[in-house]
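Novice: Got a predicted structure here, sequence first:
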Amino acid sequence: MREHSPLPLIAALALAAPLAAPPAEAQQAAPLVIRDVSVIPMDREEVLPGQTVVIRDGRIESVGPAPARLPADAIAIDGSGKFLIPGLAEMHAHVGSPEANARILPLYALNGVTTARGMLGAPGHLALRDSLARGLVLGPRLLTSGPSFSGGSITPEEARRRVREQKEMGYDLLKIHPGPSRAAFDALAETAHEVGIPFAGHVPADVGLDRAIEAGYSTIDHLDGFMEALVPPGATGVPARGGWFGLNLVPHVDEGRIPRIVTRMREAGVAVVPTQTLMENYASDLTGDELAARLEYRYWPADQVEQWRASKNARLEDPDTPPAAQRARYIHVRRRLIRALYDGGVPVLLGSDAPQVWNVPGFAAHRELHLYVDAGLTPWQALRTGTVEIARHLGEEGRSGVIRPGARADLILLDANPLESIENTMRIAGVVVNGRWISGEERERRLAGLRTGGR
Ligand SMILES: [Zn+2]
């Protein structure tokens, strides 16, 4: 595999055609009342039992003991024995062509991913963002980057021009891929600050982590550039090519360098989106067959899963693949980074890179949460990465990622307490997406309609 190459699926997604007429998903007009539910508001570590949550016009209207008067026309939902958490936001996600989106968008929503930051934008995604915001299409609220800044041929002049153009077109951020030269990157960063648009994504080799932090990345995704930064300057025998996000560098990594990086990140206010599930699925000892046996692949095109399965098996058999101990240490170092960044006050933001390799939209976000717990976060801390931390990053503190009056009505109703086990985030009894209630029954029916295989 070419170092840091944008992956083949994403190349296909980038060819997104303009949005076709979306199927109408009439937005719910009636208010919702979720009764007698245990609320995990996420702005404090607490479970509030016996709450009644009233939702109207896409917002949470009230949260508390049952009010004396409930809206007469409300849809009543029995929350007894259940737990309510805010919907999840995912900061490294992808949407694609209208055809691909017919599967991608509902999979996010039905799994409680109610905000997604699309990290490979195309002009059609601006109209899609609008359709989603208006509730015309079932799916998460979309934030979208512009088409990526990729490859070594981009000149500083071109970078400046494209930054202005993407800002004018209304994209939410700029996406950086590997490749741009230091000069092109510097021009991009300077112009982005000038016109006021954030930039995020990979850290080009010619830029490096130190410069990326100094330049004011909004988020560094995949922990790109971190392995390189953990190799002490002057180390000998370091391979010229870092391999898959620094996998080849692992024998040269000095974990003692982590605290300094954490301090710099915190002081500069740069966030990370780990996409740890992408990395672990790539580097782990799990065979393609073991991965492919997971239940979520019944909702993903079988030919693609087969391709992933065959390529993972081939990689494990390839004598050029780093040995198991090196791959295990790679996972260990990345987990240690996630924990150190979180504990050090660096915003760690949920993101799995769905639907990139092995990551089925929605399901992958829950796997990502699980890996943050494996990295040493508590379930509460892991949930923060997909809720209040992202709200703060987006400048929406108190208005999203939280259960309180006035906040967006994006919610997940769970059959069990996710603070006791993070696996309980997948025990979904229903979701509220942009104020619209999808019961467990409707969710099952819609998922069944998306099934591709008989596993
Ligand atoms: Zn991606």
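Specialist: Perfect, I can see it now. Numbering: from 1, shown residues only.
Novice: which residues of the stretch 201-350 of the chain fall in helices?
Specialist: Per DSSP state H, counting those that start in this stretch, the stretch 201-350 of the chain carries helices over the ranges 208-215, 226-230, 258-268, 276-283, 288-292, 302-317, 324-343.
Novice: got CSV for these, with distance to the ion, mean pLDDT and mean neighbour count too?
Specialist: To be clear about C-beta, it is placed using only N, CA and C from the backbone, and glycine gets the same treatment. Shown next, in CSV, are these (distance: least, CB to the ion, whole Å; pLDDT from 0 to 100; neighbours: other CB atoms under 10 Å):
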stretch, distance to the ion, mean pLDDT, mean neighbour count
helix 208-215, 17, 97, 18
helix 226-230, 17, 97, 22
helix 258-268, 21, 98, 16
helix 276-283, 8, 98, 23
helix 288-292, 19, 98, 17
helix 302-317, 15, 97, 15
helix 324-343, 16, 98, 19
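Novice: Reformat these as TSV; add distance to Val402.
Specialist: Formatted as TSV, those follow (distance: least, CB to CB, whole Å):
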stretch	distance to Val402
helix 208-215	29
helix 226-230	30
helix 258-268	23
helix 276-283	24
helix 288-292	34
helix 302-317	36
helix 324-343	19
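Novice: Spit out the contact partners of the one residue sitting closest to the centre of the chain.
Specialist: By CA atoms, centre = their mean, the mean C-alpha position of the chain lies nearest to Gly351, the distance being 2.3 Å. Neighbour list for Gly351: 90-93, 117, 221, 273-275, 368 [criterion: CB atoms under 8 Å, 6 or more residues apart in numbering].
Novice: from those residues, which is closest to the ion?
Specialist: Nearest to the ion out of the contacts of Gly351 is His92 (CB to the ion; 5.5 Å).
Novice: Surely the closest one is within a helix?
Specialist: No: assignment of His92 by DSSP: H, G, I helix; E, B strand; the rest coil gives strand, placing it outside any helix.
Novice: quick one: contacts for it?
Specialist: His92 neighbours (CB under 8 Å, 6+ apart): 117, 119, 219, 221-222, 273, 275, 351-353.
Novice: Next: Gly288.
Specialist: 308-313, 316.
Novice: For Arg117, which three-state class applies?
Specialist: Per three-state DSSP, Arg117 ends up strand.
Novice: Run through the strands of the stretch 101-250 of the chain in chain order.
Specialist: 113-118, 141-144, 174-176, 199-201, 219-221 (DSSP state E, counting those that start in this stretch).
Novice: Kindly compare burial across those and name the winner.
Specialist: Each of these was scored by mean neighbour count; the highest is strand 113-118, a mean of 29, by mean count of other CB atoms under 10 Å.
Novice: counting contacts, what elements does that strand pack onto?
Specialist: Applying 3 or more CB pairs under 8 Å, 6 or more residues apart in numbering; DSSP states H and E, one finds that strand 113-118 makes contact with strand 88-93, strand 141-144.
Novice: ok and the residue in this protein nearest the ion?
Specialist: Asp353 (4.3 Å).
Novice: Quick check, that residue in contact with Ala93.
Specialist: Yes: in this structure, Asp353 is within contact of Ala93 by CB atoms under 8 Å, at 7.4 Å.
Novice: Number of residues surrounding Glu168?
Specialist: 10 (other CB atoms under 10 Å).
Novice: do you know how far it is from Gly196?
Specialist: From Glu168 across to Gly196, the span is 12 Å (CB to CB, to the nearest Å).
Novice: swap in Ala72?
Specialist: The value you get for Ala72 to Gly196, if CB to CB is used, is 46 Å.
Novice: can you check Leu349 too?
Specialist: With CB to CB as the criterion, Leu349 and Gly196 are 20 Å apart.
Novice: if you count what's nearby, which of the two comes out ahead?
Specialist: A count of neighbours by other CB under 10 Å puts Leu349 above the other of Leu349 and Gly196, at 26 against 7.
Novice: how far out from the middle of the chain is stretch 188-205?
Specialist: 20 Å (CA atoms, centre = their mean, to the nearest Å).
Novice: would you put the C-alpha positions of it in CSV?
Specialist: The C-alpha coordinates for stretch 188-205 follow below in CSV (Å, rounded to 0.1, in the frame of the first residue of the first chain):
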residue,chain,number,x,y,z
LEU,A,188,-3.3,27.4,2.9
ALA,A,189,-3.0,28.0,6.7
GLU,A,190,-2.4,31.7,6.3
THR,A,191,-5.3,32.2,4.0
ALA,A,192,-7.6,30.0,6.1
HIS,A,193,-7.0,32.1,9.2
GLU,A,194,-7.5,35.3,7.1
VAL,A,195,-10.9,34.3,5.7
GLY,A,196,-11.9,32.3,8.8
ILE,A,197,-12.3,28.7,7.9
PRO,A,198,-10.9,25.8,9.9
PHE,A,199,-8.6,23.2,8.5
ALA,A,200,-8.2,19.6,9.6
GLY,A,201,-7.2,16.1,8.6
HIS,A,202,-3.9,14.5,7.8
VAL,A,203,-0.5,16.1,8.5
PRO,A,204,1.6,16.1,5.3
ALA,A,205,5.1,14.7,5.7
